[in-house]
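Novice: could you look at this predicted model? Sequence included:
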Amino acid sequence: MPLVDLAGAGGGTLSAEALTSAREAGLVGCTRCTRVWPRGTRVCGRCGGALHSRRPQSLQRVWGWWFAGLICYIPANLYPMLRTRTLLTVQEDTIVGGAIELATHGALAVALIVLIASVAIPVAKFMAIAYLALNLGHRARLTAHRRQQLYELVEFIGRWSMIDVFVVAILSSLVQLNAIATINPGPAAFTFALSVIFTMLSAQSFDSRMIWDRAA
Amino acid sequence: MSAPDPATPRLAIDELIACPRCDALHRAELPHAGERAICRRCGTVLIAPRAGSYGRILMLATTIMILMFGAVFFPFLQLRVAGLRSDASVFDTARAFAGGNMAPLAVAVALLIVLIPVLRVLLISYVLAPLAAGRRPARHAAAAFRLSEDLRPWSMAEIFVIGTAVALVKLADLAQVVLGPAFWMFAALVVVTVLQDGFMCRWSIWRALEAER
């Protein structure tokens, strides 16, 4: 059984910042099942997942998906999300337009939810991922702990942006009253969904262990 | 979770655990049932064993399957306005995108709200049923559990339920919306899914799969 010298790179102190990382101990940790293997092992013997000390090209992938998400987010705001056809009128609502419509009808709380879910959260997500990717190591103003929390927040909240796509799906399937009123999805629903999926992939590509690496 | 003891720095490699979030090394120590071992550096939960959790997870998995069956086949929502009616099932909501060039989105929505949650429940049951019965793990159990974990962020039933609530508010002053049994089943399903996730200690499951192989 291989033995590991833990007193190596991390030093003798036990403060949280000085904990030895698997990488510093010449090991590689499995991000899936947390099992530890000698550096250079390719596949985890416990869960069968691929082992990487730090995910290769993590940042390239993060930026690739990030730009794809951003590009899709632009038409998502310019084109209509919903097409409402009534007897006399045809109305097309963009994300922001729909929220304003809701607010003028007095549903301020719902308008706020829509604005937060489809505008504030996606924009904040783009900014947060960019910040994390640009501020690795100890150059960052935020502590590693804060950046880790930011990353977890992005990962947790990213999926919730899909709510708008589901709302469009529910409204379009339900409001099909032939002549009186029909609601159909607009092209923005498609690009918005793509934008959410791409930013989720961008966040997943980020290897959060890089946040904690000491500056080389 | 204890930090490696500097007095005895040489440890067997399988006594160690590396935090998946920050890579900090710890010596793995099984906490008491109901307690959790967290990473000393970043606070990520590493081990959270629960007594009898396999049986409970399997029961909840069965509940989820039954609720999902009902949620898909019972009426979901009905719109009533000026004597006219319009019905929608859960799959109808995915089909809303089926026309025109948005068909991939229809497939994606069906996957996110029904198919992936169902697949995850099946995979978890496949992995845990032999473990709960004290037998050897099923063939390819590790691959099945890996897939289930990869699909976790893409299982969006709970987001769909909140989406329904938003849609209802949007329609409230235009028409009367009747909530069908499928809506309530879907809502219950979300609660059960959250419970099931809370019972699951990934580390314990991986270790069981390794030990029994």
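Specialist: Sure thing, it's come through.

Novice: tell me if I am right that A:L142 is in a helix.
Specialist: No. Assessed with DSSP: H, G, I helix; E, B strand; the rest coil, A:L142 is coil; it does not lie in a helix.

Novice: could you double-check that it lies in contact with A:L136?
Specialist: No. Checked against Cβ atoms under 8 Å, the pair A:L142 and A:L136 is beyond contact range at 11.7 Å. Every C-beta, even on glycine, is put in place using the N, C-alpha and C of the backbone.

Novice: which residues of chain B score low on pLDDT?
Specialist: Across chain B, the ranges flagged by pLDDT under 70 are B:1-11, B:212-213.

Novice: longest helix anywhere in it?
Specialist: If you go by DSSP state H, chain B has its longest helix at helix B:53-73.

Novice: does chain A sit close to that one?
Specialist: No. Helix B:53-73 stays clear of chain A (Cβ under 8 Å from any Cβ of the partner chain), getting no nearer than 13.7 Å.

Novice: what's the domain layout of chain B?
Specialist: According to automatic domain parsing, chain B comprises the domains B:13-47, B:53-212.

Novice: what sits closest to B:T63 if chain neighbours are left out?
Specialist: Distances taken as Cβ to Cβ, 6 or more residues apart in numbering or on different chains put B:V192 closest to B:T63, at 5.2 Å, once the chain neighbours are dropped.

Novice: so the one you found makes contact with B:L60?
Specialist: Yes. If you go by Cβ under 8 Å, B:V192 and B:L60 touch, sitting 5.4 Å apart.

Novice: and residue 34, helix, strand or coil?
Specialist: Assuming you mean chain A. State at A:T34, reduced to three classes by three-state DSSP: coil.

Novice: if you could check chain B rather than the one you did, that'd help
Specialist: Assigned with three-state DSSP, B:G34 falls in the coil class.

Novice: and it, what does it touch?
Specialist: B:50-51 (Cβ atoms under 8 Å, 6 or more residues apart in numbering or on different chains).

Novice: the residue in chain B that chain A sits nearest to - how many residues pack around it?
Specialist: Across chain B, the shortest distance to chain A (Cβ to the nearest Cβ) belongs to B:A18, at 2.5 Å. By other Cβ atoms under 10 Å in any protein chain shown, the residues close to B:A18 number 28.

Novice: OK, contacts around the closest residue to it other than its chain neighbours?
Specialist: Spatial nearest neighbour of B:A18, excluding adjacent residues (Cβ to Cβ, 6+ apart): A:G29 at 2.5 Å. For A:G29, the contact set (Cβ under 8 Å, 6+ apart) comprises A:22, A:35-37, B:17-20, B:23, B:25.

Novice: quick one: the strands in chain B?
Specialist: Secondary structure of chain B (DSSP state E): strands located at B:10-12, B:16-18, B:25-27, B:37-38, B:45-47, B:77-81, B:84-88, B:176-179.

Novice: do the same with chain A
Specialist: With DSSP E, the ranges of strands along chain A come out as A:3-5, A:27-29, A:36-38, A:82-86, A:90-93, A:176-177, A:181-185.

Novice: spit out the contact partners of the closest residue to B:A48 other than its chain neighbours.
Specialist: Spatially, and ignoring its direct neighbours in sequence, B:A48 is nearest to B:R36 (4.3 Å; Cβ to Cβ, 6+ apart). Contact analysis of B:R36 by Cβ under 8 Å, 6+ apart lists B:45-48.

Novice: whichever of those end up buried, select them in ChimeraX.
Specialist: Entered in ChimeraX, the line below selects the buried ones among the contacts of B:R36, by 16 or more other Cβ atoms under 10 Å in any protein chain shown:
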select /B:46,47,48
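
Novice: what's the longest helix in chain A?
Specialist: Looking across chain A with DSSP H, the single longest helix is helix A:58-78.

Novice: that one near chain B anywhere?
Specialist: No. Residues of helix A:58-78 contacting chain B under Cβ under 8 Å from any Cβ: none, with a closest distance of 12.3 Å.

Novice: ok, B:L25 touching A:G26?
Specialist: No. Assessed by Cβ under 8 Å, B:L25 is found out of contact with A:G26, at 10.8 Å.

Novice: distance check, B:V161 against B:A51.
Specialist: Here the criterion is Cβ to Cβ, to the nearest Å. By it, B:V161 lies 31 Å from B:A51.

Novice: quick one, which of these two is more surrounded?
Specialist: Shown here are B:V161 and B:A51; by other Cβ under 10 Å, B:V161 has more neighbours (20 against 9).

Novice: my guess is that one meets B:V190, correct?
Specialist: Yes. Using Cβ under 8 Å as the test, B:V161 is close enough to B:V190 to be in contact (5.2 Å).

Novice: B:I17 reaches B:R27, doesn't it?
Specialist: Yes. Under the criterion of Cβ under 8 Å, B:I17 makes contact with B:R27 at 7.4 Å.

Novice: who has more neighbours out of these two?
Specialist: A direct count of neighbours by other Cβ under 10 Å for B:I17 and B:R27 places B:I17 higher, at 25 against 16.

Novice: bridging residues for the more buried one?
Specialist: When assigned by DSSP bridges, B:I17 has beta-bridge partners B:H26.

Novice: give me the more crowded residue out of B:L25 and A:G26.
Specialist: Taking neighbours as other Cβ under 10 Å, B:L25 and A:G26 compare with B:L25 leading, 26 against 15.

Novice: quick one: contacts for the more buried one?
Specialist: Neighbouring residues of B:L25 by Cβ under 8 Å, 6+ apart: A:6, A:19-22, A:25, A:27, A:29, A:36, B:4, B:16-18.

Novice: same question, B:M200
Specialist: B:M200 makes contact with B:53, B:57, B:124, according to Cβ under 8 Å, 6+ apart.

Novice: so which of those is the closest to A:R42?
Specialist: A:R42 lies nearest to B:I124 out of the contacts of B:M200, by Cβ to Cβ, at 27.0 Å.

Novice: how many other residues sit next to the closest one?
Specialist: For B:I124, the count of nearby residues is 24 (other Cβ under 10 Å).

Novice: picking up where we left off before, for the longest helix of chain A, packing partners?
Specialist: helix A:95-104, helix A:121-134, helix A:187-205 (3 or more Cβ pairs under 8 Å, 6 or more residues apart in numbering or on different chains; DSSP states H and E).
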